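**Q** Generate a structure from the sequence data that follows.
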Amino acid sequence: MPLKNADVQPASPASAANANPPSNPSVKPPVKPEEQELARKREEQIALEAELADRELRAANINAELLAFERQYLHYVGSRYAELDELKAQIAEHLAKEQPTNERAQQAAREARARAGDTKNAAGEKAAQAPCAFKATPEMKRLYRDVAKRIHPDLTSDRDDRAKRQLLMAEANEAYQLGDETRLSKIMHEYECSPEAVHGEGPGAELVRVIRRISQARGRLAEIEAEMQEVLRSDLHQLKSRVDEAQRHGRDVLKEMVGKVEDQISQAKQHLEHPESAPHA
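**A** Numbers count the residues shown, from 1 in each chain. Below you'll find the predicted structure:
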């Protein structure tokens, strides 16, 4: 039977509050342990990847400076040595021609010719313009560091993504050595827009990926350190260090080396023009 108005009792304020408790914005849902660990590991990953980018930049600088120095050395000094060895080969061949039965003279001529060929190949063709020393701008360094931090192949565990990153990092290294800022920016843009840059969801899977990236970053840091120690011990780097130190004291060691080789070239030319008046080489 229908209820009368008198039979309907109004709800008390307390019961109404219990039925619809007010939300408290200051109370946050508890954070799961795996989410806490993921946040902590992400901070560790960010710090390691920043350190790795700095180390990659330092390694890229050293390698680019060394490559530029090698080009300068070959341009100024190596080309002169190639010319000197060619003259020595001609002198040895002239002596061998005068003494066809002298096996020692024949062997000396063959060795001198082989040495001249090796020196010429090492020096390469002399550039029309003198190569410049490498000096990266602050913007170049920033671009390279961003590229290394974002797309270095040792920061992914996906095989296809790693292969793509390896190609892009090789391009980035070449662009950096050539001072090509536009190309570095393009490399970053291409990767950011690629499908490989999209990651899956879920704290559990992401935690595993982050842990693996941390391990890969630590491994790459160790590799860079070993590579840099090998570079710093190389003969070319030792020579560059001596040249740089002398330059800070106002000496141009490459110019001095060129002068000494040119003196020898002059003597060798005189020997070829007047073999009877010059001592044997």
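**Q** does residue 100 sit in a helix or strand, and which one?
**A** For residue 100, there is no host helix or strand (DSSP states H and E).
**Q** separation between it and residue 271?
**A** From residue 100 over to residue 271 the distance is 20 Å, taken as CB to CB, to the nearest Å. Every residue, glycine included, has its C-beta placed from N, CA and C.
**Q** cool, and residue 167?
**A** In terms of CB to CB, residue 167 sits 53 Å off from residue 271.
**Q** Next: residue 150.
**A** 60 Å.
**Q** quick one: which of residue 167 and residue 271 has more around it?
**A** residue 271 (20 against 12; other CB atoms under 10 Å).
**Q** What lies in contact with the helix or strand where that one lies?
**A** Per DSSP H and E: residue 271 is located in helix 253-273. Here helix 253-273 makes contact (CB atoms under 8 Å, 6 or more residues apart in numbering) with 72-73, 76-77, 80-81, 83-84, 87-88, 90-91, 94, 242-243, 246-247, 277-279, 281.
**Q** Could you do stretch 79-89 as well?
**A** With CB under 8 Å, 6+ apart, stretch 79-89 has contacts from 109, 112-113, 115-116, 119-120, 122-123, 126, 258, 261-262, 264-265, 268-269, 271-272, 281.
**Q** Please indicate which of those are buried?
**A** Among these, the ones that count as buried by 16 or more other CB atoms under 10 Å are 109, 112-113, 116, 119-120, 123, 258, 261, 264-265, 268-269, 271, 281.
**Q** show me the contacts for residue 207.
**A** Residue 207 is in contact with 34, 37, 38, 41, counting by CB under 8 Å, 6+ apart.
**Q** Which strands or helices does whichever strand or helix holds residue 140 pack on?
**A** Assigned by DSSP H and E, residue 140 falls within helix 138-151. Where contact means 3 or more CB pairs under 8 Å, 6 or more residues apart in numbering; DSSP states H and E, helix 138-151 is packed against helix 33-73, helix 159-178, helix 181-192.
**Q** Most widely separated two among the buried ones among the contacts of stretch 79-89?
**A** 109 and 258 (27.2 Å; CB to CB).
**Q** what kind of secondary structure is the nearest residue to residue 41 once chain neighbours are set aside in?
**A** Nearest residue to residue 41, sequence neighbours excluded (CB to CB, 6 or more residues apart in numbering): residue 210, at 4.6 Å. Using DSSP: H, G, I helix; E, B strand; the rest coil, the structure places residue 210 in helix.
**Q** Which residues are in contact with the nearest residue to residue 188 once chain neighbours are set aside?
**A** Using CB to CB, 6+ apart and skipping the chain neighbours, the partner closest in space to residue 188 is residue 147 (5.3 Å). If you count contacts by CB under 8 Å, 6+ apart, residue 147 has them with 168, 169, 172, 184, 187, 188.
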